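S.K.: Predicted model follows, preceded by the sequence.
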Amino acid sequence: MRILLSAAAILLAGSANAFAPAPICRHHNVAASPLFMSEAATVETTSMADAGKPPAESDADANVADVEIPTKLPSDVGMDYVPLATMLATGQLAEADQFTRDALIVLAGSKAKGRSFVYWTEVKRIPSTDLATIERLWNKFSNGKFGYSVQKKKWRQSKGDFEAWCKKIGWTTTDGEVERKKRWFGASEFIYDVKKAPEGHLPLTSALRGTSLIKELLNHPVWDNDDWKKEP
């Protein structure tokens with residue numbers, strides 16, 4: 001079953017906050033907080049959404065005449081992914097990015113949900129069914145440009161070098177002659193545009209306390225083969 005979403009309905013949808021899992025979405029007033037911390041500062045409690053939602057919001061694409069929204073979106077925990085599909089189909093990438101992180105918190109289990117972030121050791125508990133559904137949506141509506149599987153491909157191309165990987169997927173920028181990681185909070189420097197962003201740019205994962213969480217996501221068993229690509 002698929003839903004046809006007209007441009008008028010897209011505009012009426014308004015902010016994607018209405019779609020986010022209400023118990024999980026948190027807002028914190030953090031000014032210019034970095035997405036990254038140096039590897040020297042890594043601790044074993046790497047988290048998914050340390051400082052809440054990036055302030056960036058995307059405008060719905062009013063040029064879309066009719067968008068097909070898939071509704072057969074499997075979940076082992078009863079998660080509704082139609083909102084994510086709607087956000088991605090209508091170009092609301094900042095909201096889709098946040099929805100994805102919020103969903104991972106729910107999928108990681110009750111402890112993660114209780115503290116509102118994911119420890120890297122909990123990634124293995126995230127159901128492959130749900131990661132596959134999330135990934136198919138990101139891939140579908142970005143024409144294969146975004147998603148964890150794309151990030152994993154870039155990781156392999158970077159030979160596991162985190163700094164090279166960040167540069168390859170556009171998570172770095174330059175101030176004069178100084179290269180640095182892009183800022184997530186305050187005035188977000190990330191690119192919520194399929195045409196302008198490099199491959200693998202989204203979804204974002206916090207590395208504020210180190211890189212263990214990102215590595216675990218990219219090493220999840222769901223990526224061991226291409227079964228995740230199969231439509232239900």
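M.R.: Everything's here; your move.
S.K.: Please, where are all the strands along the protein?
M.R.: Remark: strands assigned in the chain by DSSP state E are 2-6, 66-70, 172-175, 178-181.
S.K.: Show me what the third one is packed against.
M.R.: Of the remaining helices and strands, those touching strand 172-175 by 3 or more Cβ pairs under 8 Å, 6 or more residues apart in numbering; DSSP states H and E are strand 178-181. Any C-beta I mention is one placed from the backbone N, CA and C, and that applies to glycine too.
S.K.: who does the strand it packs on pair up with?
M.R.: Its sheet considered, strand 178-181 pairs with strand 172-175 (antiparallel) by DSSP bridges.
S.K.: and residue 88, how many neighbours does it have?
M.R.: 28 (other Cβ atoms under 10 Å).
S.K.: ok, it touching residue 137?
M.R.: Yes - between residue 88 and residue 137 there is a contact under Cβ atoms under 8 Å: 5.5 Å.
S.K.: Next, show the common contact partners of the two.
M.R.: Both residue 88 and residue 137 lack any common contact, where contact means Cβ atoms under 8 Å, 6 or more residues apart in numbering.
S.K.: Give me the residue at the spatial middle of this structure.
M.R.: Geometric centre of the chain, nearest residue: residue 203, 2.8 Å, by Cα atoms, centre = their mean.
S.K.: is it true that that residue touches residue 148?
M.R.: Yes - the criterion here is Cβ under 8 Å, and residue 203 meets it with residue 148 at 7.4 Å.
S.K.: Give me the common contacts of those two.
M.R.: Shared contacts of residue 203 and residue 148 (Cβ under 8 Å, 6+ apart): residue 138.
S.K.: Tell me how many other residues crowd residue 204.
M.R.: Per other Cβ under 10 Å, the neighbour tally for residue 204 reads 22.
S.K.: Quick check: chain neighbours aside, which residue is closest to residue 189?
M.R.: Spatial nearest neighbour of residue 189, excluding adjacent residues (Cβ to Cβ, 6 or more residues apart in numbering): residue 182 at 4.0 Å.
S.K.: and the gap between the one you found and residue 128?
M.R.: Per Cβ to Cβ, to the nearest Å, residue 182 is found 30 Å from residue 128.
S.K.: With neighbour numbers in mind, choose between those two.
M.R.: Shown here are residue 182 and residue 128; by other Cβ under 10 Å, residue 182 has more neighbours (18 against 15).
S.K.: My read is that the more buried one contacts residue 190, right?
M.R.: Yes - assessed by Cβ under 8 Å, residue 182 is found in contact with residue 190 at 5.7 Å.
S.K.: what is in contact with these two at once?
M.R.: 170-171.
S.K.: ok, now which ones touch residue 97?
M.R.: 54, 192, 202-204.
S.K.: and of the residues you listed, the nearest to residue 75?
M.R.: The closest of the contacts of residue 97 to residue 75 turns out to be residue 203 (Cβ to Cβ; 17.2 Å).
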